[in-house]
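Chemist: Can you look at this prediction? I've put the sequence above it.
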Amino acid sequence: PVTITSGDWIYEIITDWEYGPLNEAKIIGYNGSGGDVSIPASLDGIPITTIGVGQFPQPVFSSSTVVTNLVIPNGVKAISNWAFDGNANLKSITIPDSVTHIGHAAFGGCSSLKEISIPAATTNISYYVFVNCSSLTNFLVSPLNPRFSSSNGILFNKDGTELITFPPGRNGTFEVPSNVNTIAYEAFATAEKLTSVVIPSSVTNVVGWPFAACFGLTNISVSVDNITYESSEGILYTKGLSALVAFPAGRVGTFTVPTTVSSIADVAFKMCIGLTHVNIPNTVTNLGSGLFMDCTALVGVSLPSSLTDIPSDTFANCPSLSSVTLPSGITNIGDGVFQDCSNLVSITIPSGVTSVGQGAFVRSGLQKAYFLGAVPTNWIFSFDPDNGVLFPWSLSDFFPLSTVIFYRPGASGWASLQFNGQPNRMIMPRVKNQLLINTNNSNRYVLSFETVSGIQYSVQKTTNLGVWSNVWSTSGDGFDKTFQEQASDRAFYRILQH
């Protein structure tokens with residue numbers, strides 16, 4: 001669309017995909033001096049019906065423009081996604097009765113905004129609208145609004161049974177009202193000063209990621225009379241502790257999942273920035289996607305042997321994670337699982353893995369990837385639906401370009417597969433040291449070599465290069481192993497991997 005400048009404002013003509021340009025305009029930018037600002041009802045004779053962003057997601061007011069009080073004129077129907085995102089100095093905003101829609105993150109980062117009045121016509125409020133509004137403590141909804149209501153400054157659906165948005169500026173403990181049966185997706189998002197939440201017996205549905213980025217939250221408690229959920233040590237579970245639903249983001253250190261748990265919900269630990277270690281028992285057979293995303297202090301996770309699938313984004317942006325042992329039963333590694341894990345330099349992929357998703361290791365620190373089985377079947381070709389053709393993948397679709405792939409001798413597909421012309425290498429035992437040392441007047445032979453997790457090694461010995469015998473066996477763990485024995489006058493040694 002063509003952008004037009006008129007006075008302090010930048011706008012574009014709204015175009016309908018079927019009928020073409022309409023006699024309506026969308027405000028997409030501002031060049032004025034700030035302060036108290038009133039958006040005009042029309043520009044160049046064209047009525048303003050939308051406040052939004054242009055071709056690129058740039059808010060109407062740049063971060064360098066200090067707008068403190070804003071009035072939106074009657075006639076505006078929609079406040080689009082990110083419309084006022086990042087306007088940290090905005091203290092008040094007047095939303096007219098004509099506005100029916102408020103888009104995703106429309107007021108994100110408006111950290112000086114203390115109160116929002118929602119008119120009767122506003123029947124569509126997207127998610128994450130008030131994220132990082134750290135001073136917002138009060139919602140006021142017109143009693144004539146057919147879709148929403150407010151009580152004690154909190155945003156609910158009309159009959160008060162669904163808690164939609166908790167004001168992010170509130171602090172301390174909050175008790176969910178006893179008439180609420182549903183806590184909406186990201187209902188408490190970025191309420192960083194919230195420390196404790198009490199869930200009554202009436203709540204039967206907790207949706208999505210309700211406590212997103214609540215960095216001060218250390219305790220979630222549930223009424224003992226609730227038939228759907230319960231809490232243990234401040235953590236939210238389904239009844240009977242069979243599924244872990246939400247872990248408070250303010251908790252720090254090490255956490256061990258109870259053995260009663262069989263599944264963990266999507267993003268249950270997401271943005272738990274003080275969490276360092278998590279131990280998951282073998283009773284857990286299902287992990288949700290994005291489980292540890294943005295856990296920036298996470299150093300290690302013990303995964304259960306029962307797992308067969310690591311879903312998408314499980315460890316995305318865990319920069320402190322330096323090593324992970326994948327269970328031998330894993331068959332699928334989802335999209336983006338280890339993306340942005342900058343400290344992860346080496347990993348061993350079990351022999352049963354048949355699929356490694358796109359972007360699984362992109363922007364990680366991965367230098368070496370050891371595959372114990374065949375080439376993942378989804379790597380051979382990808383289907384391009386636009387052109388109806390198959391095309392080969394590129395290394396950069398999965399790994400940093402510096403990653404070297406190692407494979408076991410005899411494993412199918414590797415010898416002929418190259419990413420971006422970069423050859424793959426067989427996994428071969430690499431000897432680090434061979435020494436003959438004298439201890440207490442006795443000579444000892446010492447052999448040190450590198451190992452790879454998931455591979456069994458044996459050291460064999462012969463004195464005549466004809467008959468070999470096993471003298472030592474060990475399991476690889478990614479670290480060097482050392483074998484030693486009383487030295488013989490004439491002996492030869494070799495390392496086998498299994």
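Modeler: Looks like it arrived, so ask away.

Chemist: Tell me which stretches of the stretch 251-400 of the chain form strands.
Modeler: Listed in chain order, the strands of the stretch 251-400 of the chain (DSSP state E, counting those that start in this stretch) span 253-256, 263-264, 275-279, 286-287, 300-302, 309-310, 332-333, 346-349, 355-356, 368-371, 382-384, 389-391.

Chemist: so which of these gets nearest residue 495?
Modeler: strand 368-371 (16.0 Å; C-beta to C-beta). Every residue, glycine included, has its C-beta placed from N, CA and C.

Chemist: which ones are touching the residue nearest the centre of the chain?
Modeler: Most central in the chain under C-alpha atoms, centre = their mean is residue 293, positioned 3.1 Å from the mean C-alpha point. By C-beta atoms under 8 Å, 6 or more residues apart in numbering, the contact set of residue 293 is 267, 270-271, 313-318.

Chemist: of those residues, closest to residue 248?
Modeler: Of all the contacts of residue 293, residue 248 sits closest to residue 271, with 11.1 Å by C-beta to C-beta.

Chemist: could you list every residue that touches that closest one?
Modeler: Taking C-beta under 8 Å, 6+ apart, we find residue 271 in contact with 212-213, 215, 249, 293-295.

Chemist: Looking at neighbours, which among the residues you listed is most surrounded?
Modeler: residue 295 (27 neighbours; other C-beta atoms under 10 Å).

Chemist: ok, that residue to residue 415 distance?
Modeler: 38 Å (C-beta to C-beta, to the nearest Å).

Chemist: can you check residue 480 too?
Modeler: To residue 415, residue 480 is 28 Å away according to C-beta to C-beta.

Chemist: Can you give me the buried ones in stretch 282-296?
Modeler: By neighbour count on 16 or more other C-beta atoms under 10 Å, the buried set for stretch 282-296 is 284, 287-295.

Chemist: want to try CSV for these, with distance to residue 103 and pLDDT as columns?
Modeler: As requested, these are exported to CSV (distance: C-beta to C-beta, whole Å; pLDDT from 0 to 100):
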residue, distance to residue 103, pLDDT
284, 37, 97
287, 32, 97
288, 27, 97
289, 25, 97
290, 23, 97
291, 28, 98
292, 29, 98
293, 24, 98
294, 23, 98
295, 29, 98
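
Chemist: Closest to residue 470 out of those residues?
Modeler: Closest to residue 470 out of the buried residues of stretch 282-296 is residue 284 (36.9 Å), distances taken as C-beta to C-beta.

Chemist: That closest one touches residue 258, doesn't it?
Modeler: No. Counting by C-beta atoms under 8 Å, residue 284 sits too far from residue 258 to count as a contact (9.8 Å).

Chemist: tell me the contacts of residue 161?
Modeler: 179-182.

Chemist: which intervals of the chain have sub-threshold pLDDT?
Modeler: Along the chain, segments meeting pLDDT under 70 span 1, 17-21, 54-57, 380-393, 418-423.

Chemist: circling back: for the contacts of residue 161, give me a markdown table that also has neighbour count and secondary structure.
Modeler: Converted to a markdown table, these look like this (neighbours: other C-beta atoms under 10 Å; DSSP: H, G, I helix; E, B strand; the rest coil):
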| residue | neighbour count | secondary structure |
| --- | --- | --- |
| 179 | 12 | coil |
| 180 | 22 | coil |
| 181 | 15 | coil |
| 182 | 18 | strand |
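
Chemist: From those, pick the one nearest residue 135.
Modeler: For the contacts of residue 161, the minimum distance to residue 135 (C-beta to C-beta) is 24.7 Å, reached by residue 180.

Chemist: Excluding sequence neighbours, find me the nearest residue to that closest one.
Modeler: Leaving aside its sequence neighbours, residue 180 sits nearest to residue 163 (C-beta to C-beta, 6 or more residues apart in numbering; 5.2 Å).

Chemist: repeat for residue 482
Modeler: Per C-beta to C-beta, 6+ apart, closest to residue 482 is residue 448, 4.6 Å.

Chemist: Pretty sure that neighbour sits against residue 481.
Modeler: Yes. Using C-beta under 8 Å, residue 448 makes contact with residue 481 at a distance of 7.0 Å.

Chemist: so what sits against both of these two?
Modeler: Counting by C-beta under 8 Å, 6+ apart, nothing touches both residue 448 and residue 481.

Chemist: The two: which is more packed in?
Modeler: When residue 448 and residue 481 are compared for neighbours, residue 481 comes out ahead with 19 against 15, by other C-beta under 10 Å.

Chemist: from memory that one sits against residue 446, does it?
Modeler: No. Counting by C-beta under 8 Å, residue 481 stays clear of residue 446, with 11.4 Å between them.

Chemist: List the residues that contact residue 41.
Modeler: Neighbours of residue 41 in contact, by C-beta under 8 Å, 6+ apart: 47-48, 73-75.

Chemist: er, residue 24 actually
Modeler: Applying C-beta under 8 Å, 6+ apart to residue 24 gives the contacts 13-14, 46-50.
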